[in-house]
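Chemist: below: sequence and its predicted model.
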Amino acid sequence: MAAELFKVENLTKQYENDGVVTPVLHGFSFSIGAGEFLSIMGPSGSGKSTLMHILGFLDHLSGGTYHFEGRDVSRLSDDELATMRSEKVGFVFQQFNLLPKTSVLENVKLPLLYVDVSEAVRTSRAQAAIEAVGLAHRLDYLSNQLSGGEKQRVAIARALVNNPSVIFADEPTGNLDSKSGAQIMKILNELNGEGKTVVLVTHETTTAAYAKRILRLKDGLLVADERVDEAKRQQALAAELK
Amino acid sequence: MEVRNILKLSVRNLRSNPLRSFLTMLGLIIGIGSVVLIVSLGAGAQALIISQINSIGSNLVGVLPGASDENGPPASVFGIQVKTLVNDDVKAFLSDSRTIHLVAASGYAQGRVKMVYENQELEGGSFMGVEASYPEVENITLSAGRFFTAEEDSGLARVVVVGSGVVDELWGGDNPVGKTFKMKRESFRVIGVVESRGSVGFSNLDKFVFVPLNTAQKILLGWRHLSLVRGRVDEAQNIEETILGMKDVLRERHNIDSEEEDDFSVRNAADAVELLKTITDAFRYFLAAIAAISLLVGGIGIMNIMLVAVTERYREIGLRKAVGARQAHIQNQFLLETLVITGVGSVVGIAGGAAVSGLIALVARALGYEWAFIVSLPSIFLAVGVGLAIGLAFGFYPARRAAKLDPIVALRYE
């Protein structure tokens, strides 16, 4: 197995609202190696999004430990988490979350605004990321002039532009027709082939079929950790991409 | 995130909803505009008043009855009667060697009375008892007739010289020389008309009827004291010496040993200008302070809209945080957006206030006043400074709220 990228031990998470404590994750451990293509699956309410938010430095954990690249990141401050998000990870959301009435180029440049590089570097890196998702001809289009599939490709370009080691995708095909969805998954698959770790959160089995490993959550507990047989996976991909 | 990028962003946000941006700024525009307008109009009015006083002549010295400290006005200014100054004091000035540089002087005694000409009435018309030397003291010219003589004054003659404003009110603008009208049931004959001088300070000199001093005191007022003495000094450099001389003469005549016991105040025109400037300055800043209250209201309006903007842009804020923005980045973005709004609002307000002030100056000049259009640089800096301070003060809370948003909550917000 490749070098360990994520390592969580006895992870728990609870939310507190007006004194009412709602436990979401009940304590489990696992690790993810660099270069994996992992799918977190489970019914809604199982805690899969919460897990992704914690892994993606969007949220704090309540208990247990979390190591990223061997560093303990369990108790980072909000701003330290922001730095981790800026440097280490990229997000793709179900709702695309592009800035409205803003060009493709500006949207993809967004993460670079919070990094200390020159404007010229920002532009060239954003252009490269947009080319990588096959949208070079849409550079100056406004976000609302794009189709759903194109929007999600812009979102992927935005996730890539900081050259992160991990890409988190939260139901990336949830708002897309099956053809555009397959296109998105193909891009994610290619990125994984180039060495990026991809963590996918989904409840769709067709989407999960791209993963090499599936974590199944139920009621805040890790109930299964399956490795997909590579031969079977290739078969499924061939069928999917037909 | 560099300032340049945030600026670009905020300008884009402002332009994406121009009506709302304008309405957001409107409170501030009105506030800044009215402060600039009031300060500017005040400066114009002040300059006008002072130039009018200077036109009478800066070689004038005045004696007011009653003591006063160095800068404040004496009690007589507020309508309190002080009877210490009398006609013989003026005569003493003119004969004493210590006040040799006084070329002319006159006692003044003023009051209000009902003036009647045929069926025209002037309720509470102002009259001024003065001596025959008055035209020389105040540098006036007559547009018709003549001024009364010292003999007419001492002989209690019922003759008057009227201001042009009185001519308009009692005689409908006709030449009144030779006509007779009544004050206190006594008939007075008009022998001259003073050329129009307009307003000086807060009183319109054209609305005065000039009566021989003794006639005014004995027939109209029933007093023997003076409300003012004015004298003209030959050269500006002799003013100080003359003032000291006048004080000596008065102390001698009033049996006063020390300065603390003075029952009079001697002023020269320059002092009067200073005093008037102090008073009008106070007025100006008082009015500006009232106008500044509207700035506060404008600031609250801006804060309100910025809070709405933060709520509307939850998703954007969440996204920015998700892609690596720190709290400071978000806070600075919203703060700078508020500053852009207040900055643009201030500039528009200054331009608007100055434009209205300019317009008023044009109208005033068209009406014949020598009104100067004054927008001082400090007042502009002050307005911009206040505008930006309001942006900082009222933009801080919304910006802080945006910065503290939880990225997950913000991203999920519909």
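Modeler: Arrived safely, thanks for sending.
Chemist: and the closest residue to chain A within chain B, what does it touch?
Modeler: Taking CB to the nearest CB as the measure, the point where chain B comes nearest chain A is B:G324, at 2.6 Å. For glycine as for every other residue, the C-beta is placed from the backbone atoms N, C-alpha and C. B:G324 makes contacts with A:82-83, A:85-87, A:111, A:114-115, A:162, as judged by CB atoms under 8 Å, 6 or more residues apart in numbering or on different chains.
Chemist: kindly recompute the last result at 6 Å.
Modeler: With contacts defined as CB atoms under 6 Å, 6 or more residues apart in numbering or on different chains, B:G324 is in contact with A:82, A:85-86, A:111, A:114.
Chemist: element containing the residue nearest the centre of chain B, please.
Modeler: Closest to where the C-alpha atoms of chain B average out (CA atoms, centre = their mean) is B:T280, at 3.8 Å. Secondary structure here is read from DSSP states H and E; on that basis B:T280 sits in helix B:269-312.
Chemist: do A:V21 as well
Modeler: The secondary structure element spanning A:V21 is strand A:20-33 (assigned by DSSP H and E).
Chemist: strand partners (parallel or antiparallel) of that strand?
Modeler: The strands that strand A:20-33 pairs with in its sheet are strand A:4-17 (antiparallel) (by DSSP bridges).
Chemist: which bits of the stretch 301-414 of chain B sit near chain A?
Modeler: Residues of the stretch 301-414 of chain B found near chain A, taking CB under 6 Å from any CB of the partner chain as the criterion, are B:319, B:322-326, B:329, B:407-408.
Chemist: same thing but at 8 Å, please
Modeler: Taking CB under 8 Å from any CB of the partner chain as the criterion, the stretch 301-414 of chain B approaches chain A at residues B:315-316, B:318-329, B:407-408, B:411.
Chemist: also chain B?
Modeler: With CB under 8 Å from any CB as the criterion, chain B comes near chain A at residues B:1-2, B:5, B:16, B:315-316, B:318-329, B:407-408, B:411.
Chemist: just the buried residues out of those residues, in PyMOL syntax.
Modeler: PyMOL command restricting those to the buried ones, with burial defined by 16 or more other CB atoms under 10 Å in any protein chain shown:
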select buried, chain B and resi 1+5+315+316+318+319+320+321+322+323+324+325+326+327+329+407+408+411
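Chemist: that older thread, name the member of the contacts of B:G324 with the most neighbours.
Modeler: Using other CB atoms under 10 Å in any protein chain shown as the contact criterion, the top neighbour count among these goes to A:P111, which has 29 neighbours.
Chemist: re earlier: give me the distance from the helix holding B:T280 to the chain's centre.
Modeler: The chain centre lies 17 Å from the centre of helix B:269-312; the measure is CA atoms, centre = their mean, to the nearest Å.
Chemist: what helices and strands are in contact with it?
Modeler: Contacting helix B:269-312 under the criterion 3 or more CB pairs under 8 Å, 6 or more residues apart in numbering or on different chains; DSSP states H and E are the following elements: helix B:18-56, strand B:60-65, helix B:327-366, helix B:377-404.
Chemist: quick one: which two of the contacts of B:G324 are the most distant?
Modeler: A:A82 and A:P111 (11.1 Å; CB to CB).
Chemist: any regions of chain A where pLDDT drops low?
Modeler: By pLDDT under 70, the low-scoring segments of chain A are A:1-2, A:240-242.
Chemist: recalculate using a threshold of 50.
Modeler: Of all residues in chain A, those with pLDDT under 50 make up the ranges A:1.
Chemist: now do the contacts for residue 213.
Modeler: Picked chain A for this. Contacts of A:R213 by CB under 8 Å, 6+ apart are A:36-39, A:225-228.
Chemist: sorry, should have said chain B
Modeler: When contacts are counted by CB under 8 Å, 6+ apart, B:L213 touches B:87, B:106-109, B:129-131, B:153.
Chemist: quick check on it: phi, psi?
Modeler: The phi and psi values for B:L213, taken as degrees, to the nearest 10, are phi -50, psi -50.
Chemist: tell me what the residue lying closest to it once chain neighbours are set aside is bridged to.
Modeler: For B:L213, the nearest residue in space outside its immediate sequence neighbours is B:G129; the separation is 4.3 Å by CB to CB, 6 or more residues apart in numbering or on different chains. Residues in a beta bridge with B:G129, per DSSP bridges, are B:A109, B:V211.
Chemist: for B:G129, give me the pLDDT.
Modeler: pLDDT, B:G129: 94.
Chemist: count of neighbours near it?
Modeler: Residues within reach of B:G129, counting by other CB under 10 Å, total 29.
Chemist: how close does it get to B:E195?
Modeler: 20 Å (CB to CB, to the nearest Å).
Chemist: close to chain B: what parts of chain A are there?
Modeler: Within chain A, the positions adjacent to chain B are A:53, A:58-59, A:78-79, A:82-83, A:85-87, A:90-91, A:93, A:97, A:99, A:101, A:110-111, A:113-115, A:158, A:162 by CB under 8 Å from any CB.
Chemist: hmm, which of these are the buried ones?
Modeler: Among the residues of chain A next to chain B, those classed as buried by 16+ other CB under 10 Å are A:53, A:58-59, A:82-83, A:85-86, A:90-91, A:93, A:97, A:99, A:110-111, A:113-115, A:158, A:162.
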